[in-house]
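# kindly generate the corresponding structure for this input.
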Amino acid sequence: MLPALAQAQGNQAQGNQKFENLDRIDGLVAMTVGANLGEPGGPAAPVDRRLRLAACPTTPSVEGPIFGAAMVKCEALGWRIRVPLMTGSAAAASGPLPRTASAYGAANRYVRPAPAAAKEAVVRKGDPVQLMAGNSVFSVSRMMVADEDGAMGETIRVREDKKSAPIFAQVVEMGVVRIPGFNNF
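Modelled structure (predicted):
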């Protein structure tokens with residue numbers, strides 16, 4: 001009886017190793033962005049516990065923030081997921097989110113924080129803005145029109161004219177936006 005129980009537990013442990021540890025992913029994202037779950041600049045919610053990602057043989061890489069999210073990738077297996085981040089910076093963190101209960105199942109639930117005080121918009125809908133892209137070696141800019149209001153650091157839609165497709169850009173300063181994904185220049 002005991003050997004059968006030990007073997008069943010061994011098989012269960014092997015079964016758990018087939019999938020990526022989602023708590024590990026939550027920790028990697030928090031370390032990379034420098035803020036914990038629910039803090040400004042940190043993950044907006046834990047990684048969905050229904051995900052069954054194949055266990056990555058190496059440590060998954062985390063990139064971001066890119067368009068308000070961190071990208072977690074396993075290069076060896078080819079999977080990647082997007083983890084939405086809270087707006088704001090880690091320097092202005094007010095502490096972790098309160099948990100709704102301490103029971104195991106409920107401990108993974110979170111409470112949405114109260115909306116933060118609105119930042120002052122430095123770009124208004126309809127304002128002409130300079131769209132910039134580039135890095136330390138080159139830069140390209142183009143005049144665009146803002147489709148929505150935006151404060152410093154927020155991502156907004158801009159377009160060349162009313163008929164063109166929108167482009168997402170991050171507000172850098174009054175009248176200047178840049179395309180995320182390029183190194184700061």
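# for stretch 131-138, what is the average pLDDT?
For stretch 131-138, the mean per-residue pLDDT is 79.
# would you mark the buried spots in it?
Neighbour counts over stretch 131-138 (16 or more other Cβ atoms under 10 Å) mark 131-133 as buried. C-beta coordinates here come from the backbone N, C-alpha and C atoms, glycine included.
# let's see which of these end up in strands.
Taking DSSP state E, the ones among the buried residues of stretch 131-138 that sit in strands are 131-133.
# in terms of contact, does Arg82 touch Ala69 like I think?
Yes: using Cβ atoms under 8 Å, Arg82 is in contact with Ala69, at 4.7 Å.
# higher neighbour count, those two?
Ala69 (18 against 13; other Cβ atoms under 10 Å).
# what's the spacing between that one and Gly153?
Distance check for Ala69 against Gly153: by Cβ to Cβ, to the nearest Å, it reads 14 Å.
# sec struct for Asp26, please.
helix (DSSP: H, G, I helix; E, B strand; the rest coil).
# distance of it relative to Met132?
Counting by Cβ to Cβ, the separation of Asp26 from Met132 is 34 Å.
# same question for Gly27.
Distance from Gly27 to Met132, by Cβ to Cβ: 34 Å.
# same thing with Ala169?
Ala169 is 8 Å from Met132, by Cβ to Cβ.
# need the residues touching each of those two.
Residues within reach of Ala169 and of Met132 at once, by Cβ atoms under 8 Å, 6 or more residues apart in numbering, are 177-179.
# is the residue positioned nearest the centre of the chain in a bridge, and if so with what?
The structure's the chain has its C-alpha centroid closest to Ala69; by Cα atoms, centre = their mean the separation is 2.1 Å. Beta-bridge partners of Ala69, counted by DSSP bridges, are Ile66, Pro84.
# mind showing which ranges of the chain have poor pLDDT?
Scanning the chain for pLDDT under 70 picks out 1-17, 88-118, 182-185.
# Val177 bridge partners, please.
Beta-bridge partners, per DSSP bridges, of Val177: Leu131, Val171.
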